[in-house]
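Q: predicted model, plus sequence, below.
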Amino acid sequence: VAHVQDPDGSWRYINPDGETVLEGDFEDLGLFANDLAAVRINGRWGYMNREGEMVIEPQYEEASHFSEGLAAVRYGGEFGYIDEEGEWVIQPQFDRASSFSEGLARVRGSPQQ
């Protein structure tokens, strides 16, 4: 599944044959990872599943894809990490945060500095 932007600015997901498989009132879309994709609606990011159901309501200022079961999201101006149920695993506390890879993630602005 790929995401494409139409000339009118709307976004949708297509399959390898170019057929639309998911569409909606999306302002922006992320790629699917762990069967969830970040989507922006009304200026906030949340996550939907492959059936198009919102599983984590749009509430974040920024959102990354899930990697190793976690996604970096910005809430209240700081980044933290949520799990696939939308529960905080690492509370917002960083200026920047990347996705996890091999058990590590790059962050900036840690309070331990």
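A: Structure received.
Q: give the contact list for Gly52.
A: Leu22, Gly24 (CB atoms under 8 Å, 6 or more residues apart in numbering). Bear in mind the C-beta positions are built from the backbone N, C-alpha and C, glycine included.
Q: per-residue confidence at the residue most central in space within the chain?
A: Nearest residue to the geometric centre of the chain (CA atoms, centre = their mean): Ala38, 3.0 Å. pLDDT, Ala38: 96.
Q: that one and Val1, how far apart?
A: 14 Å (CB to CB, to the nearest Å).
Q: now the helices for this structure?
A: Taking DSSP state H as the criterion, the chain carries no helices.
Q: quick one: the strands in it, in order.
A: Using DSSP state E, the strands found in the chain span residues 2-5, 11-14, 20-23, 28-29, 36-41, 44-49, 54-60, 62-63, 71-75, 78-82, 88-94, 96-97, 107-108.
Q: quick check: buried residues in stretch 12-20?
A: By neighbour count with 16 or more other CB atoms under 10 Å, stretch 12-20 contains the buried residues Arg12, Tyr13.
Q: next one: stretch 40-50
A: Across stretch 40-50, burial judged by 16+ other CB under 10 Å covers Arg40, Ile41, Arg44, Trp45, Gly46, Tyr47, Met48, Asn49.
Q: give me the low-pLDDT residue ranges for the chain?
A: Applying pLDDT under 70 to the chain picks out residues 110-113.
Q: again, only using 50
A: Residues of the chain that meet the criterion pLDDT under 50 lie in 113.
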